[in-house]
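next comes the sequence, and after it the predicted model I'd like to discuss.
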Amino acid sequence: MRSSRSSSASRSSRSSFRARAAAALIASAAVIGSLLTAGSGVAHAADTPLRDLGAARGKVIGTAVTGSRLTGTYGDLAGAQFGSLTPGNAMKWGSVEPSRGTFDWAEADRIVAFAEAHGQQVRGHTLVWHSQNPGWLTGGSWTPAELRTLLRDHIGTEAGRYKGRIAAWDVVNEPFNEDGTYRSTLWYDGLGADYIADALTWARAADPAAELYINDYNVEGVNAKSTALYNLVRSLKERGVPIDGVGLQAHLILGQVPATFQQNIQRFADLGVDVAITELDIRMTLPSDSAKLAQQKADYKAVTAACAAVARCVNLTVWGFTDSDSWVESTFPGQGAATPYDANYAPKPAYYGISEALGGTTTPPPTGACTAVYTVQSQWNTGFTGNVTLSCSGASLSSWRVTWTYGAGQRITQSWNADCAQSGAAVSCRNAAYNGGVPDGGSVSFGFNASWSGGNPVPEVTLG
Ligand code: 9MR
């Protein structure tokens, strides 16, 4: 009954979504079309969006997002391709109540409003966790009774604020250790294991329409940790505690999709709960190359196929859809490229892995691409140093030209490792005599100094 409510809500917004999706794809085609590719070319703008492929199979395909980025190409793709949004950080306790009794809902509100405007569900993340809590909470010393009241009030406040607007809440996040014992946290240590049942009960009271989940990582295959989660869910159901689903985060390593993924999803489904793959990413050792990207495609396809095969696997969410919005590189030095789109918003083979597992076709198959990424390396009151890095994967270049248009009056004063010319706002940089070649799996960078005033937004670059 619960899931039919959410799916009819998403159905009613479907037709207005289509018009917006078409417009968004036209907007993003400028970026996609700027890629140079080997072989038969790049993504075709007419490929069916993931959200539509998922909907046709009864699955919601989602992404984690950063609220402040929901404009331009990032916003176009987030709106056009995905059927649900999860705030990556904006709904965590430390984000919403940085000082006790002082709330900041701005980014969370923005994401919820964006989702509603685009006919998307919101997965709320997360009400009870051991991490990203405010300092006043973790630094305080509380009696068990005080801690319980704090938690109950927090759940009531946050889930209550968004009542009726959240499809599913990750009520409790990451309660287990790898061996299946309970993780020692503020909550477990202070309140015992029943903090989980209490949190679910309070969440149900605050928002009766939301599906309530427990979410964890390294629980994708059958192992000690996922079995502990399984036993917990079974006992909660036996006790009549409200629990509607389990979230399998799926922060995976290239080539290591657990063989028992589908079997594990199925055993939770057989308990009578929904399953969501809530935070999918698949990291690799950098730099990426065509072989790694092909393996990543196979891995994304296997994960999506495992979800597609089980009716109660209702949602598959990627933890950031672009490599420019992923937690991986800063957390695992030397690892990255974990998401389905590269940092320039070009769909990677991984994107087609998801799409193909949902019955989509790739027209024509992507064989690789070269991309250019513009960054501001340092900035002072009147000037800045910029860098552009060209990288090729599954393709190569023997010469190149990168162009962009400044939106805020920036002017290039000096460049190195490229011949740059600026006319009005338009900049064009060609390779120097010695660095026109960019091999498959390789990269070339050039730099420049420029002036700015008022603002220094990063322009979209075209490689052509
Ligand atoms: O993506 C989130 C990142 O921006 C934060 O710095 C990080 C802090 O722990 O949390 C990331 O999201 C986590 C999610 O909330 C829970 N599962 C693991 C995710 C990756 O760390």
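Yep, it's here.

the closest residue to the ligand within the chain: neighbouring residues, count only.
Closest approach between the chain and the ligand, counting by C-beta to the nearest ligand atom: residue 327, at 3.8 Å. (Glycine included, C-beta is placed from N, CA and C.) Using other C-beta atoms under 10 Å, residue 327 is surrounded by 17 other residues.

wait, it touches residue 319, no?
Yes: counting by C-beta atoms under 8 Å, residue 319 is a contact partner of residue 327 at 7.1 Å.

okay, and the common contacts of those two?
Counting by C-beta atoms under 8 Å, 6 or more residues apart in numbering, the residues touching both residue 327 and residue 319 are residue 88.

pull up the residues of this protein that are close to the ligand.
Proximity of the chain to the ligand, by C-beta under 6 Å from any ligand atom, involves residues 88, 89, 131, 132, 173, 217, 249, 279, 327.

secondary structure class of the third one, three-state.
Going by DSSP: H, G, I helix; E, B strand; the rest coil, the secondary structure assigned to residue 131 is coil.

can you pull the contacts of the residue lying closest to it once chain neighbours are set aside?
In this structure, residue 131 finds its nearest non-sequential neighbour in residue 174, 7.6 Å apart by C-beta to C-beta, 6 or more residues apart in numbering. Residues near residue 174 by C-beta under 8 Å, 6+ apart: 129, 130, 131, 183, 215, 216, 217.

could you rerun that using 7 Å?
By C-beta atoms under 7 Å, 6 or more residues apart in numbering, the residues touching residue 174 are 129, 130, 183, 216, 217.

residue 290 now?
Residue 290 touches 368, 393, 394, 440, counting by C-beta under 7 Å, 6+ apart.

so what's the residue count around the last one?
By that I understand residue 440. When counting by other C-beta under 10 Å, one arrives at 15 neighbours for residue 440.

do you know the pLDDT at the residue nearest to residue 131?
On pLDDT, residue 174 comes in at 98.

now the phi/psi pair for residue 462, please.
phi -120, psi 130 (degrees, to the nearest 10).

can I assume residue 63 sits in a helix?
No: using three-state DSSP, the secondary structure at residue 63 is strand, not a helix.

shouldn't it be in contact with residue 85?
Yes: the criterion here is C-beta atoms under 7 Å, and residue 63 meets it with residue 85 at 6.5 Å.

neighbour count: the two, which is higher?
Counted by other C-beta under 10 Å, residue 63 and residue 85 do not tie: residue 63 has more neighbours, with 29 against 24.

mind checking how far that one is from residue 193?
With distances taken as C-beta to C-beta, to the nearest Å, residue 63 is found 32 Å from residue 193.

could I get the contacting residues of residue 179?
Neighbouring residues of residue 179 by C-beta under 7 Å, 6+ apart: residue 224.

using the three-state scheme, assign it.
Classified using three-state DSSP, residue 179 is coil.

against residue 150, how distant is it?
In this view, residue 179 and residue 150 are 29 Å apart by C-beta to C-beta.

now swap in residue 335 and tell me
Residue 335 is 36 Å from residue 150, by C-beta to C-beta.

again, but for residue 422
57 Å.

then residue 169?
From residue 169 to residue 150 the distance is 18 Å (C-beta to C-beta).

just residue 281 next, same as before
The gap separating residue 281 from residue 150 is 32 Å, by C-beta to C-beta.
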